[in-house]
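Visitor: Sharing a sequence plus its predicted fold:
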Amino acid sequence: MPMFGDSMDLKSNSPILTDPIPISKPKLDFHDSLLPYSSSEVFSQGPFLTIPWRKPGLLDDVLSTSWLDAMKSSSPRNIMKYNGNEFSPNDADVAYHNWMLKYPSALTSIEHIVNNAKGKRIALFLDYDGTLSPIVDNPDHAFMSNAMRAAVRNVAKCFPTAIISGRSREKVRKFVGLKELYYAGSHGMDIMCPVQSPADHTTEVNEGNLYQPASEFLPMINEVFTSLVETTKNIEGAKVENNKFCVSVHYRNVDEKSWKAVADYVQDTLKRYPRLRLTHGRMVLEIRPVLKWDKGKAVEFLLESLGLSSCDDVLPIYVGDDRTDEDAFKFLREGNRGYGILVTPAPKESSAYYSLRDPSEVMEFINLLVIHKKLVP
């Protein structure tokens, strides 16, 4: 039986989803694709993996360009580039409209999505910054609205719902303030789940750690955080954030003339820690363990933990706005497993199938999922 329906309207530019790639292991068992390197290497048999030393390249997804070029590419510009073309702000709406032919709005496609979800169980995965909350100058002030919190609470009563963020698990959980969710912090390296299923509609839910594949890196991450706080303290606007299993260096409020100094400090620090790597997000440099783990792996692990990974009646949906969310989009697309939804006000290439413009549209989409669930239980 095809996973999400036998056929789909080809004119809609929507995906044709077929049978998923099966995962044969039982839930909570770690299959080879979740391990950091090849299965021939030796790992501990305890609750966490022991990661073998391996010297990586310093740059992860910015290998093809310089530090400074990569930093500039993530900053808001007066001239928008897409597919090799440049667009002025006046042309932005036209460019976005044309881009949506390839990435249609999840709002106008809601009937199509829910029709393909009939007889299926939806599992919802949500990024936080830029998805549930607006992007703000001070990351400590990225608060979600009460209306958004109510929407997430309502959808969690209908479907298993997880927040997957680059922030620490504790920080994002504090921002969201809901106990009935699964939380994956540090790009999925720190996963917590409610012991009782959200479907039980319990108000008091016990919580526990589900998985921490990078626990042995904590002392190293703390050292890097302390070092970068000290070295960047004289750069006005720079902010170093400890997200438990990764260190985020924000330069959103740094004068562009000082961006190279920020990059140099990060590079010099990484030279002393060959087991750490750099990834690049929206106006942020992120230092993470050398571990074959990302938001896509977190989605895969959570589906398996929920007993949904090898089922043909499950529709995973992932909503996110940043380049780190692309790993989750790719996981859903490569296995024809579900839908990725990119949140962006400007055109950019993605492995997502659908799009939403901003957090207000995300909230509208979540509310529509709840309405359709109530209409067609």
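Guide: Now that the structure is in, tell me what you want to look at. Residues are numbered from 1 along each chain as shown.
Visitor: who's sitting farthest from the centroid in this structure?
Guide: Computed with Cα atoms, centre = their mean, the residue of the chain farthest from its C-alpha average is N234, at 31.3 Å.
Visitor: helix/strand/coil for it?
Guide: coil (DSSP: H, G, I helix; E, B strand; the rest coil).
Visitor: Could I get the contacting residues of it?
Guide: By Cβ atoms under 8 Å, 6 or more residues apart in numbering, N234 lies in contact with nothing. For glycine as for every other residue, the C-beta is placed from the backbone atoms N, C-alpha and C.
Visitor: Next, find the distance separating it from P316.
Guide: 45 Å (Cβ to Cβ, to the nearest Å).
Visitor: Let me see the ranges of the strands in the stretch 251-377 of the chain.
Guide: 276-281, 284-289, 314-320, 339-343, 354-356 (DSSP state E, counting those that start in this stretch).
Visitor: And for the stretch 51-200 of the chain?
Guide: Under DSSP E, counting those that start in this stretch, the stretch 51-200 of the chain gives strands at 80-82, 85-87, 121-126, 161-164, 182-185, 190-194.
Visitor: Counting neighbours, which bits of stretch 259-268 end up buried?
Guide: 259, 261-263, 265-266 (16 or more other Cβ atoms under 10 Å).
Visitor: Off-centre distance for stretch 215-233?
Guide: Put simply, stretch 215-233 sits 23 Å off its chain's centre (Cα atoms, centre = their mean, to the nearest Å).
Visitor: who touches that stretch?
Guide: 48, 50-51, 238, 240, 242, 244-247, 249, 262, 265-266, 268-269, 273, 275-276, 287, 289, 291.
Visitor: which stretches of the stretch 201-350 of the chain have low pLDDT?
Guide: Along the stretch 201-350 of the chain, segments meeting pLDDT under 70 span 201-209.
Visitor: quick check: domain ranges of the protein?
Guide: 59-102+215-290, 105-194+209-213+293-375 (the TED database).
Visitor: what's the most buried one of those?
Guide: domain 105-194+209-213+293-375 (a mean of 21; mean count of other Cβ atoms under 10 Å).
Visitor: mind checking the end-to-end distance for that domain?
Guide: End-to-end span of domain 105-194+209-213+293-375 (Cα to Cα, to the nearest Å): 22 Å.
Visitor: Of all the strands of the stretch 51-200 of the chain, which one is nearest I371?
Guide: With Cβ to Cβ as the measure, strand 121-126 is the member of the strands of the stretch 51-200 of the chain nearest I371 (13.2 Å).
Visitor: Summarise which helices and strands the closest one is packed against.
Guide: helix 146-158, strand 161-164, helix 295-305, strand 314-320, helix 359-375 (3 or more Cβ pairs under 8 Å, 6 or more residues apart in numbering; DSSP states H and E).
Visitor: What's the mean pLDDT across the shortest one?
Guide: Spelled out, it's strand 161-164. Mean pLDDT, strand 161-164: 96.
Visitor: ditto for the longest one
Guide: Confidence over helix 359-375 (mean pLDDT, whole number) is 94.
Visitor: which residues sit against it?
Guide: In this structure, residues lying in contact with helix 359-375 by Cβ under 8 Å, 6+ apart are 105-107, 110, 114, 122, 124, 126, 130-134, 144-145, 147-148, 151-152, 154-155, 158-159, 319, 341, 343, 356.
Visitor: Check the offset of it from the chain's centre.
Guide: Distance, centroid of helix 359-375 to centroid of chain: 20 Å (Cα atoms, centre = their mean).
Visitor: just the second one next, same as before
Guide: Using Cα atoms, centre = their mean, we find the averaged C-alpha position of strand 161-164 to lie 9 Å away from the chain's own average C-alpha position.
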